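Novice: Got a predicted structure plus its sequence, pasted below:
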Amino acid sequence: MSKLALVLAALAALTALVVASGAPAKGGGTAVIKTGSCSGNATWMLKAKPDDGALETEFEVDQNVAGRDWKVVIRQNGVERFRGIRTTKAPSGSFTVRRLLDDKPGADHIVAKARSLATGQTCRGELTL
């Protein structure tokens, strides 16, 4: 009986080791969030997280001025995934672009850029997950 107990204990320890060392899902299922300042008085936030085989991506620019148009481009691994104009809204004076991107094999590098059409101010955020 002691041999059986020893084998079972060894098997349990090996199972725990395999489970603990298994690679987590890409991004660990948690969001990667980066923030920063733009060339003027605005700030940006870029967030991405795995979502059922895709990447839920958000890019926000906060200028604290409503009604300003911004040209926005989002790229994933160098490929353009979004291009458009967004307008800051009251009361916060911000806009958000949300996109569901394909989760490519390996690391995904996401770059989001925005340029104010009124002032030329620029914002650039990037992250890798």
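Specialist: In hand now; what should we look at? Numbers count the residues shown, from 1 in each chain.
Novice: mind listing the helices for this protein?
Specialist: Listed in chain order, the helices of the chain (DSSP state H) span 2-21.
Novice: Any idea which helix or strand in it has the lowest mean pLDDT?
Specialist: helix 2-21 (a mean of 42; mean pLDDT, DSSP states H and E).
Novice: What's the separation between the residue nearest to the spatial centre of the chain and Ser37?
Specialist: Centroid-nearest residue in the chain, with Cα atoms, centre = their mean: Ala48, separated by 1.7 Å. As judged by Cβ to Cβ, to the nearest Å, Ala48 and Ser37 stand 20 Å apart. Every C-beta, even on glycine, is put in place using the N, C-alpha and C of the backbone.
Novice: I'd say Pro50 and Asp103 touch.
Specialist: Yes. Between Pro50 and Asp103 there is a contact under Cβ atoms under 8 Å: 6.3 Å.
Novice: circling back to that earlier point, who are the neighbours in contact with the residue nearest to the centre of the chain?
Specialist: Gly27, Ala31, Val32, Leu55, Glu56, Thr57, Glu58, Leu101, Asp108, Ile110, Leu127, Leu129 (Cβ atoms under 8 Å, 6 or more residues apart in numbering).
Novice: who does the closest residue to Ala112 other than its chain neighbours bridge with?
Specialist: In this structure, Ala112 finds its nearest non-sequential neighbour in Phe59, 3.9 Å apart by Cβ to Cβ, 6 or more residues apart in numbering. Taking DSSP bridges as the rule, Phe59 bridges to Leu46, Val97.
Novice: For Phe59, the count of nearby residues, please.
Specialist: Neighbour count of Phe59, defined by other Cβ atoms under 10 Å: 26.
Novice: What separation do you get for it and Pro105?
Specialist: Noted for Phe59: a distance of 23 Å to Pro105, by Cβ to Cβ.
Novice: Over to Ser37?
Specialist: 33 Å.
Novice: which of those two has more neighbours?
Specialist: Per other Cβ under 10 Å, whichever of Ser37 and Pro105 has more neighbours is Ser37, with 10 against 6.
Novice: Show me the strands in the protein, by range?
Specialist: 32-37, 43-51, 54-62, 69-76, 79-87, 94-102, 109-116, 122-128 (DSSP state E).
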